[in-house]
Structures are given as C-alpha cells and as structure tokens.
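J.: need the 3D shape of this:
(chains A and B, ligands or ions: 1)
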Amino acid sequence: MERFSTFALISGLFFFFFGTFWQAVAPSLSLRNIPVKSIEELADNVLPEFYKLADDYPVEFKRYFGEPSKASFAEALNVGKAQYIAEACWHCHSQYIRPVSNEELRFGKVSYPSEYANVMQLPQLLGTRRVGPDLIREAGRHSNDWHVAHFKNPPNVVPDSVMPSYAWFFDKNGRPNKKGLAIVAYMQWLGSWAQEPVYQLDARK
Amino acid sequence: MVTRGKKGVVSFSLVYAHLVSALVFLGIVLLAGLLYSLQFLGKYPFPGVEFLSPGRVRMLHTNGAVYGFITNGYVAGLYWAVPRLTGYKVLNEKYLGWFMFWALQAAVLATAVGLLGGYAQAIEWGETPIFVDPFVLVYLLLALFQFTVPIYQYGKERPLYASSWYIISGLIWIPMVYIMGNYIPQFFIPGVAGAAITGTWIHDAVGLYVTPLGWGLMYFFVPVILKKPIWSHGLSLLGFWGLAFFYPMQGVHHYLWSPIPMYAQYAAVFSTLVLELAVVTVIINFFMTMRGNGDALKKSVPLRWMMIGIVNYGITCLQCSIQVLLTTQKAIHFTDWVVGHAHLIMFGTFGFWILGILSYLWPKVTGRRLYSSSLDEWAFWLIMIGMETMWVDLLAGGLVQGFTWWGLNPWMDSVRFSAPLWFVRTVTGIMIFVGFILYLYNFYMTAKKENIPSAQPQEA
Ligand code: HEM
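T.: As a prediction, this is how the structure comes out:
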C-alpha cells in the first residue's frame, strides 16, 4: 500500500480535487448565473461626490482626470482600487457585512452575492482582518474633505487612530494628487448602490 | 525506518546555503513584524516614506515568512532528509540544486521589492507580484522532481516511510494550489466565488504546503534524534490519511458568515472539526515515541524545538476546533485572535521546527561543535516564552475587539482598549528578536570557529 503511486494519485491528486470541488468549484457553480458587471457598467452612474471632487479641487482634478465623466469616473475607480491593493488597506479593512454580531446595526445592509459580481472585485477584496471598520457601506458616510484630511493624517481627524498617514496621496502643496483623488472616489463609491439611512452614525465615532 | 547510511548522498553545501538564507530572511521577517507593530502604537518610525508604508511592510512580513524563511528552511531539511531516507541523491545537485537555490532567493527578493514598490496582488499569502508568480511556479515544479525522484527510486524496492508520504503529496499539491490561488481569483473569477477560491488557497498554502512538508521532516528528524522508530505505524497512517482527506476541504472557514453559499461553509466547519481528530492521532504518535526519553529533551535543544513545536501544533488545532464554530466566529473573526492563531502555527510550530532542524544540522554541515550551549538555551527560552506570551496576548486582544464591536461601542473603543495589548505584543516581539540575535550570533560563531580536523563534516 505504501507505494509512490498511492501518495501521488490518491492523496496528491484525488483528495485535492475532491476537497477543492466542495470549497471552490461548487460555490463558483452555484453563483455562475449572476452576471459580472464591467467597469463601464459600474461607472455608468457618475456619483455626485465625484462632481463634488471636481469642484473642490478644480486644478488637480483637471490635471489628472479632465472633466467628470463616465470615462474619468471609471479611471478614478480603477486607480483607487489599485491604491487600495498596493497599500494593503484590505489587511486592515474588510468589505463584507455579516448577518451576526450587530454588524447590520453598525454598518448597514448585510452583504449579498450580486454586489460583488463586478470587476472591482477582481480580485475580491472581502478581507479577513479589521483594524479599522468595514468599508463596503462607506459611501456617503463622510464628506470628500473628511477623507482628504483623514488620509493626510488620520489621528488629526480621529484622535488615537492607528491608521497610517498617506503623504504620497498628496502633492507638494498638500492637495490630493491623482492617487488621492482616486482613493476618495473609490471610498465614496463603495456601497453607493446600497445606501440607506445610517442607524447609528454617531455610535461609530 | 530504514536509513541506509550510504555515505556521500547529502550535499552539505546546499543544506548550508539554504539554512543561511532561512536565517537571513527570518531576521527580515522579525524586523518587518516589529516595524509594523509600531504602527499600532502610533510610533511608526517612517511615516510618509512610501516604500515603507505600513501596509506594504505587513505583506513583506507575511510573505517573507512563508517564501523566505519557511521555504528555505524546509528545502534545507529536504536536502538532508530525502537522500538519507532513501539512500539516493536528489535528482541533480550541481546544476539544478544551485540553480534552484538562486532562483528561490531571487524570487523572494523580487517579491520583497515588488511589495514595497506597490505591485502587490490582493490575495492573502499570494501577494507576490504577478510577474513573480510564473517563476515561483517553475521553482515548485523543479522542486517536485528534485525531491520526488529519489523517493520514487527507493519506492520501487520497498514500502515508503511516513516522511515520504507527506513529502510526495505535499510537493504535488503545491504547484496545483499555487495556480488555483494566484491566477483564478486574480484574472477569472471575481467576487464571492473568488473569495471561496481565495479562502481555499489561503488554507491550502498552510495545510497542503507548509504542514505536510513540516510533518514529513518531523517524522524524519524526531526519530533520528531519539534513535528509535516512531511509535505506531498504524497511527502514522491514520494521521496522514486524515490530514490528506480533510485538509483540502476547509478553505471557506476563512470567510464564515460571508455571502459564500452556506453548504460550503458547513462543509468547511465540519471538515475542520474532523481534522482535529486526525491531528490528535499524529500528536499521540509523537508523544508515545518520546515516552521514556524525557531526558533527551533536557540534553538536545533541537529536539526541544521540535517537540515544543508539536505541542504548539496541538494547541493551535484545539484552538482551531473552537474558533471555527459559527458561534465563536461571531466574536473572534476579523480580530487579533486570528493573528495570534497565525503566529502560533507559522512561527510557534513550523518556525520552531526549522529552528530545531537548523540547530541540529548546523554543527554537522559546518563540522564544528556548537559555540555556546548557554547561548543556545537563552535563545530557546527567550523565543519560546516570547512566542507563547504573544499568543496569549493576541487572544486577549481578539476577545476585547470582538466584544466591543459586538456591543456596538464606538469603533475607536476597540482601538483604545487594545493599545496596552498591542504594546505587550511589541515587547514580546522584542524578546523574540533578542532571542533570535543570540541564536544568530551563536551559530555565526560556530561557523567561524577554528576547524578541528577530527570533526570534519560528517553525516552521523
Ligand atoms: C518580532 C516578532 C513578530 C512581530 C512583532 C510580529 C508582528 C506582526 C503584526 C503586527 C502582524 C499584523 C497583525 C494584524 O494585522 O493585526 C503580523 C501578522 C502576521 N505574522 Fe507576525 N510578527 C512577528 C513574528 C512573526 C514570525 C516569525 C512569523 C512566521 C514565521 C509571523 C507570521 C505572521 C503571519 C502569518 C501574520 C498574518 C496574520 C493574519 O493575517 O492573520 N510573524 N505579525
């Protein structure tokens, strides 16, 4: 029994495929009918906060994104997501709300599969660790200015915050650069499709 | 177990080179961990330096641990264990062996530079930049042939021993797991299904790579140091087949209560629970092997590293069977509890095994006596106590965070209440680091010592 082929074929191959079927393939099959949205479809609805960004930082916005439009919004989302990944924000922030532990009261609507079926979740950013709060219902919780000040130096806005400061999201004059504008746009987009009254807004701060 | 004792089957220089790299990368991992832990105290020394952005340093910390420290350590162990287990040389030392060595170091360095430069992938344990992935894959395939060919040759004549079961299966699993985890969720499947696949990869990276190779090495080194066979062949079989069957089926337990279909979550919870039974059989086997040889623990520091690692493995798995329950998850998911769990398994178990293997092999491959056994003891106790304290501390932090969130306290409560615990984490980190420096110094001085002709490199 203790032969090479036993351990190559039965445990090495068969067990692997059996386990992977239940954990990876079957869930993919169950969810296969949900259409995956492209970035154009997502950016079809340019958010008011994006226009607001163009008003607040006209020079920078013009330099990096031109006019607020579907195309520039799509670009901002892409750049924002790239920063989110490069800085590993997802190691401190999750992007899903569980139906337990009062998360619905704290953050808002419980997460559902179809809101993840889009290219902004490729690779998925659900996350496994929260040092800071969940971000999938972040849209509209704070103003653009709040985010800008927060990324510049979080403890200035939220005393004792342990979130890092992101100086390179800003240019020499301390105004947001392309990365900075994009990450704010991304924050304002996260959950914009499921915005609802926040129950306990002041409980969070 | 049959070790044929054929002379000259082991390449000392390859073992030595990998051991040195493992030490170097462990140093980097510890520094990165310490650095990142300072962020939690609000004392990050390099704010505003893009390349040392805390998030990037965290990825350096975890990826350095798996690909730099653990992989180098394991490969060193394999270069020693596989030829001595089978009596055959590995496929090729001179060209393939050294090519693989440099390829591994280059891949890890490219990963480090890529992560700090902002080219990470958003896949836990797979943050290695996209352009590094193909090289890692080639490396894994080469490793498969390098180490399974001698086992295959040996297996044509006799039944294989437990170490070989783990090594064969582990080496076959890794490339498949790597492709699945690094490519499919990155390029093809987004969202929730992507999360299920990523979860499977997160767990497989630990369960189908780090764990089986680790057990394969323990089944070799512990009996060799004790100079007696493993207690029960039957239990070895039971443990192996239990691990091999249930490990691949639990990835989704990293995303419990998420929008992933519940049947996958139940399957993950169930197989995680059952796996603990298999683990218990493995641990019983090792303890029964130890029985009557308690003295050896006093004399042999390498054995002590290995056995404490096995104890930590047992603790982690017990912890796992508690934390995987959907009820427990409500409180501890997302918190430091999981971080404590991760350190106990990655460092407290696999890291300790490598430190044990290193301190066992180092005098042999350098052909010198250990420089100082009291330094060795100091390093052991500092690192060990530091690690266990860090674990308890992080568990406590996890409960604090979990329950303040559940209780709807303001978010910052969870941060402020954790501050003292994070401080203790940094202190225990410094303890571990000091222990590591002693360890490093001791082995450096050992290698530097005057060569005593009677103690030429030997395979005893
Ligand atoms: C000086 C000692 C160490 C310190 C201070 C340290 C610190 C840290 C910190 C601050 C984190 C991030 C935790 C979080 O996100 O909240 C972390 C994560 C991690 N560290 Fe360490 N670490 C140390 C040693 C090690 C070693 C030696 C290993 C492995 C060989 C290791 C493996 C890990 C792993 C696997 C994670 C990810 C945990 C998770 O995502 O759940 N650490 N460490």
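J.: the ligand contacts on chain A?
T.: Residues of chain A lying near the ligand by Cβ under 6 Å from any ligand atom: A:91, A:129, A:131. C-betas here are computed from N, CA, C, even on glycine.
J.: give the buried subset of those residues as a PyMOL selection command.
T.: Remark: buried members of the residues of chain A next to the ligand, expressed as a PyMOL selection using 16 or more other Cβ atoms under 10 Å in any protein chain shown:
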select buried, chain A and resi 91+129+131
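J.: which of the residues of chain A next to the ligand come close to chain B?
T.: Contacts with chain B are made by A:91, A:129, A:131 out of the residues of chain A next to the ligand, judged by Cβ under 8 Å from any Cβ of the partner chain.
J.: run through the residues that contact the first one.
T.: If I follow you right, that is A:His91. With contact set as Cβ atoms under 8 Å, 6 or more residues apart in numbering or on different chains, A:His91 has these partners: A:127, A:129, B:55, B:58-59.
J.: one step back: TSV please, covering the ones next to chain B among the residues of chain A next to the ligand and showing secondary structure, distance to B:Phe433 and pLDDT.
T.: Listed next are those as TSV, based on DSSP: H, G, I helix; E, B strand; the rest coil; distance: Cβ to Cβ, whole Å; pLDDT from 0 to 100:
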residue	secondary structure	distance to B:Phe433	pLDDT
A:His91	helix	22	97
A:Arg129	strand	23	96
A:Val131	coil	22	97
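J.: what about the stretch 201-350 of chain B, any weak spots by pLDDT?
T.: Within the stretch 201-350 of chain B, no stretch has pLDDT under 70.
J.: tell me the residues on it that lie near chain A, please.
T.: Going by Cβ under 8 Å from any Cβ, the residues of the stretch 201-350 of chain B near chain A are B:202, B:208, B:240-241, B:244-252, B:254-255, B:257-261, B:263-264, B:267-268, B:271, B:329-331, B:333-335, B:338-339.
J.: out of the residues you listed, which are buried?
T.: With burial judged by 16+ other Cβ under 10 Å, the buried subset of these is B:202, B:208, B:240-241, B:244-252, B:254-255, B:257-261, B:264, B:267-268, B:271, B:329-331, B:333-335, B:338-339.
J.: inside helices: which ones of those?
T.: When DSSP state H is applied, these are split such that B:202, B:240-241, B:244-246, B:264, B:267-268, B:271, B:329-331, B:338-339 fall in helices.
J.: now the closest residue to A:Ser114 other than its chain neighbours. Its backbone dihedrals?
T.: Leaving aside its sequence neighbours, A:Ser114 sits nearest to A:Ile34 (Cβ to Cβ, 6 or more residues apart in numbering or on different chains; 5.1 Å). Backbone torsions for A:Ile34, taken as degrees, to the nearest 10, come to phi -80, psi 120.
J.: wait, A:Ile34 sits on A:Ala117?
T.: Yes. Between A:Ile34 and A:Ala117 there is a contact under Cβ atoms under 8 Å: 4.3 Å.
J.: residue of chain A nearest chain B, please.
T.: A:Gly19 (2.7 Å; Cβ to the nearest Cβ).
J.: check which helix or strand covers that residue.
T.: Following DSSP states H and E, one finds A:Gly19 within helix A:16-20.
J.: returning to what we had before: what's the closest of the contacts of A:His91 to A:Phe170?
T.: Nearest to A:Phe170 among the contacts of A:His91, counting by Cβ to Cβ, is B:Gly55 at 17.1 Å.
J.: now the closest one: how far from A:Leu190?
T.: Separation of B:Gly55 from A:Leu190 (Cβ to Cβ, to the nearest Å): 17 Å.
J.: same thing with B:Trp406?
T.: Distance from B:Trp406 to A:Leu190, by Cβ to Cβ: 23 Å.
J.: and B:Leu85, by the same measure?
T.: For B:Leu85, the distance to A:Leu190 - Cβ to Cβ - is 53 Å.
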